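Asker: Just the structure for this:
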Amino acid sequence: MGRQIKKAVFPVAGLGTRFLPATKAMPKEMLTVVDRPAIQIVVDEAREAGIEHFIFVTGRNKGVIEDHFDKQYELEETLRQRGKIKELTLLQADLPGAGQTSFTRQQEPLGLGHAVWCARDLVGGEPFALLLPDVLVHAERGCLAQMMDVYNAHGGNIIAVEEVPRERIHNYGIVGVGEELDSAFRITGMVEKPTADEAPSNLMILGRYILQPEIFDVLSSQDPGSGGEIQITDAMISLMESQDFFGCRFEGRSYDCGDKIGFLTANVAFALGREDIGPNFLSALQDILKDQTS
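Answerer: Numbering: from 1, shown residues only. Here you go, the predicted model:
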């Protein structure tokens, strides 16, 4: 069993240009899925998995993320005076405890690997989780919690994977599949955006990782890769020479919220899964579809 995972890194420095003009003044991570910011949903997943320290790697114009995870005294007092206890309780339940959040800047857009490296001093010499806020996972039990099961059983480094259609393999990092280990398997290699014929499997790297701290040593001397950026996949390939990597086939479905179709689909999926609005939303959705096909 590996050392306990208590810290998680959230890279939130991206500009969100695919969602302009909505992201002109609003960070893309604060766009709502139903009534919760996307970053809150990802933090909820981490908290469910036992994470106690939430590390955000931010950029310019991302101060609203820090404000979101801070107390809003005036708002709370207004809710209290108006007797809106349900709303007040919800806000307080979402709020991390004092000292549980840290924020650091990625001052230049040098890639995901560089963003992770920016968190090195806050993480320290501990294994940590890495969650990409563009990826939301709709699951009965969170993806990271399922990955923790694999980590507790095998240690090493854990990557969440999901099957991808053959015609879309070239858009993702793909892993090679080795020894099967109950709900996991040993990863034999990684290829970034291969052709379908070159791919070692149809399992893509999802955007959820548990990594050992030695990844920072690799990133500190990592040469730029695809797009002239420091790539986390390149660093993991280097680390595979000395450490074990395991793939976790999680139960659930992911949504790429960095893409408009993925974001809209996530809204539908999360809304339908809500007891309070799901049935009525399904009825409204059916009415829309009926109008579209008539």
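Asker: State the mean pLDDT of stretch 89-104.
Answerer: Throughout stretch 89-104, pLDDT has a mean value of 88.
Asker: Any figure for the gap between A129 and I39?
Answerer: Per Cβ to Cβ, to the nearest Å, A129 is found 15 Å from I39. (Each C-beta comes from the backbone N, C-alpha and C, glycine too.)
Asker: Between the two, point out the one with more neighbours.
Answerer: A129 (27 against 22; other Cβ atoms under 10 Å).
Asker: Can you say which helix or strand has the more buried one in it?
Answerer: Assigned by DSSP states H and E, A129 falls within strand 128-131.
Asker: Which SSE is immediately downstream of that strand?
Answerer: Assigned by DSSP H and E, the successor of strand 128-131 is strand 135-138.
Asker: quick check: mean pLDDT across that following strand?
Answerer: 96.
Asker: in terms of contact count, name the helices or strands touching that strand.
Answerer: helix 38-48, strand 203-211, strand 253-256, helix 260-272 (3 or more Cβ pairs under 8 Å, 6 or more residues apart in numbering; DSSP states H and E).
Asker: again, only using 6 Å
Answerer: Here strand 135-138 touches strand 253-256, going by 3 or more Cβ pairs under 6 Å, 6 or more residues apart in numbering; DSSP states H and E.
Asker: List the buried residues of the strand it packs on.
Answerer: 254-256 (16 or more other Cβ atoms under 10 Å).
Asker: Adjacent strands (with direction) for it?
Answerer: strand 135-138 (antiparallel) (DSSP bridges).
Asker: Return the distance of the partner strand from the chain's centre.
Answerer: 7 Å (Cα atoms, centre = their mean, to the nearest Å).
Asker: After that strand, which helix or strand is next? Please name it.
Answerer: Following strand 135-138 toward the C-terminus (DSSP H and E): helix 143-154.
Asker: Report the buried residues of that next one.
Answerer: 143-151, 154.
Asker: Looking at the residues you listed, spot the one nearest A196.
Answerer: Nearest to A196 among the buried residues of helix 143-154 is C143, at 25.4 Å by Cβ to Cβ.
Asker: Distance check, the closest residue to R105 other than its chain neighbours against Q106.
Answerer: Leaving aside its sequence neighbours, R105 sits nearest to T58 (Cβ to Cβ, 6 or more residues apart in numbering; 5.9 Å). T58 sits at a distance of 7 Å from Q106 (criterion: Cβ to Cβ).
Asker: what is in contact with those two at once?
Answerer: By the contact definition Cβ atoms under 6 Å, 6 or more residues apart in numbering, T58 and Q106 are jointly contacted by A13.
Asker: Fine by me, we can end here.
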